[in-house]
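Undergrad: all I have is the shape, not the residue letters:
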């Protein structure tokens, strides 16, 4: 029933009962939806990439502090076991960074697949626009 309702809605929106017009409008809507999804994925990639860069900066600062504890003493009061705290913190942030980097790689793969899918839908739309 949903398919029939969708078909009737497309026919009404197209202002025609012509199969070509209905298909053209259907593919046009599919392209618009896919472009929205592509835009969302791209924004998510940018967000995760920024997060990875932020985590890299934190790790670099912690590694710098553990390499030169006198610098860290200028910022915070250190105790005898704080070197271990720095080492644990570095391992923790590296684990988070690795997870985020893997997530970014997966999202980028998904983005590539989405781009290919969008191109395929745009080709179908071009066929119906030419008719």
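TA: That came through fine. This one's a predicted model, so the numbers in the text were calculated from it and none came from an experiment. Numbers count the residues shown, from 1 in each chain.

Undergrad: tell me which element residue 58 is part of?
TA: For residue 58, the enclosing helix or strand under DSSP states H and E is helix 19-67.

Undergrad: quick one: list the elements packing against that helix.
TA: When contacts are defined as 3 or more Cβ pairs under 8 Å, 6 or more residues apart in numbering; DSSP states H and E, helix 19-67 packs onto helix 2-14, helix 69-75, helix 82-130. In this view, the C-beta of every residue, glycine as well, is placed from N, C-alpha and C.

Undergrad: the closest residue in space to residue 58 that isn't next to it in sequence: neighbour count?
TA: Ranked by Cβ to Cβ, 6 or more residues apart in numbering and with sequence neighbours excluded, the top spatial neighbour of residue 58 is residue 93, at 5.3 Å. When neighbours are defined as other Cβ atoms under 10 Å, residue 93 has 19 of them.

Undergrad: cool, thanks, talk later.
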